[in-house]
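1. fold the following, please.
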Amino acid sequence: MGSIYGDWLKEQREAAGLTQQQLADRAIMTRSHIAHIEAGRRVPSKEDARRLDMALNTGNVLSSFLPQDDDVSIAEYFERVRVLEQQASSIHEFALAYFPGILQTERYARAVLGAAFPPVSEEECDRRVVTRLERAKILEDPVTPVMWALLDETLLRRPVADGDVMAEQFMHVVRLAEAGRIRVHVLPFAVGHHPLAHSMLKLMWFEDQPPLAYTEGGYMGKLHDSPSVVHQLQHRYSLALSQAMPLEDSLALIRATAKEYGHHD
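-> Residues are numbered from 1 along each chain as shown. Have a look, this model is predicted:
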């Protein structure tokens, strides 16, 4: 979402003689959420937009002009998710083919991003790597966001880079978990088919707005704000997590696999 939507919302609020807090009270939202929307940092959900239209007596304008998600590529669309990721108080990820972006080391990220086809220039690859590493800085805060990583065993077994790069990536995740900064659980092959077998999933919770979900697969990504859809995806995540290996067993497997790739204590 560009700033046009947020600017228009601000104009309508001010024309109605309302402060952000007054509009928030009328629309049953928080003032900070209104501020984020006006600044272009967040996109309101369909229900948020409906309540804002009612509060401002703008018909269905704010609802009708919400950005459409269909047929938007990950590269273009993920910017919204990236901003939300920075604001989340809790993130639960399921990863199927690659480690989650915010857990990737520089060399692992470069291997993943450099494998794009059609190929990208070295400069573009560098830019994408820097962006990914910037995302990872949210874990420098010792408390927020709370981070859970549910990893399909597939991503441990299928190398996407040289052995030393894979081992470095594995031990990076192990160290974060050993420090208590993240929780990591592996879904082993023995589970067979599971509720998240078809796509990557990111669940995000916030202090001042309803939870959201993001799914990605087949070179397409979609942000979900429908409460029923988000709840369904949360349920699937919980089911899959219940089938995963305990934390210590997961870390033991990741360490052992790192040794297979060449890491030595």
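2. pLDDT weak spots in the protein?
-> 1-3, 67-77, 218-219, 263-265 (pLDDT under 70).
3. how about the helices in it?
-> 3-15, 20-27, 31-38, 46-56, 61-64, 74-87, 106-113, 122-136, 154-157, 163-178, 227-242, 247-260 (DSSP state H).
4. hey, what's Gly217 bridged with?
-> Met220 (DSSP bridges).
5. contacts only, for it.
-> Counting by C-beta atoms under 8 Å, 6 or more residues apart in numbering, Gly217 touches Leu96, His198, Ser199, Met200. Placement of C-beta: from N, CA and C, glycine included.
6. which of those count as buried?
-> Leu96, Ser199, Met200 (16 or more other C-beta atoms under 10 Å).
7. the last one contacts Thr215, doesn't it?
-> Yes: Met200 is in contact with Thr215 according to C-beta atoms under 8 Å; the separation is 6.8 Å.
8. in a markdown table, list the helices of the chain along with distance to Met147.
-> Shown next, in a markdown table, are the helices of the chain (distance: least, C-beta to C-beta, whole Å):
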| stretch | distance to Met147 |
| --- | --- |
| helix 3-15 | 29 |
| helix 20-27 | 29 |
| helix 31-38 | 22 |
| helix 46-56 | 26 |
| helix 61-64 | 33 |
| helix 74-87 | 11 |
| helix 106-113 | 17 |
| helix 122-136 | 11 |
| helix 154-157 | 17 |
| helix 163-178 | 8 |
| helix 227-242 | 14 |
| helix 247-260 | 13 |
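9. make CSV from those helices and add mean neighbour count to it.
-> Below are the helices of the chain laid out as CSV (neighbours: other C-beta atoms under 10 Å):
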stretch, mean neighbour count
helix 3-15, 16
helix 20-27, 18
helix 31-38, 20
helix 46-56, 19
helix 61-64, 16
helix 74-87, 16
helix 106-113, 20
helix 122-136, 15
helix 154-157, 16
helix 163-178, 19
helix 227-242, 15
helix 247-260, 16
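10. nearest to Phe206, of those helices?
-> Among those, the nearest to Phe206 by C-beta to C-beta is helix 74-87 (6.3 Å).
11. so which elements touch the closest one?
-> helix 122-136, strand 200-205, strand 212-217, strand 220-224 (3 or more C-beta pairs under 8 Å, 6 or more residues apart in numbering; DSSP states H and E).
12. so how far is the shortest one off the chain centroid?
-> The chain centroid and the centroid of strand 220-224 are separated by 10 Å, computed with C-alpha atoms, centre = their mean, to the nearest Å.
13. got it, and the longest one?
-> Taking C-alpha atoms, centre = their mean, one finds the center of helix 122-136 at 17 Å from the center of the full chain.
14. could I get it in CSV with only the CA atoms?
-> This file holds the C-alpha atoms of helix 122-136, laid out as CSV (Å, rounded to 0.1, in the frame of the first residue of the first chain):
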residue,chain,number,x,y,z
GLU,A,122,25.4,-9.5,-8.6
GLU,A,123,24.4,-6.0,-7.5
GLU,A,124,20.7,-7.1,-7.3
CYS,A,125,21.7,-10.2,-5.4
ASP,A,126,23.7,-8.1,-2.9
ARG,A,127,20.7,-5.8,-2.4
ARG,A,128,18.4,-8.7,-1.7
VAL,A,129,20.9,-10.2,0.8
VAL,A,130,21.2,-6.9,2.6
THR,A,131,17.4,-6.7,2.9
ARG,A,132,17.2,-10.2,4.3
LEU,A,133,19.9,-9.5,6.8
GLU,A,134,18.2,-6.3,7.9
ARG,A,135,15.0,-8.3,8.6
ALA,A,136,17.0,-10.6,10.8
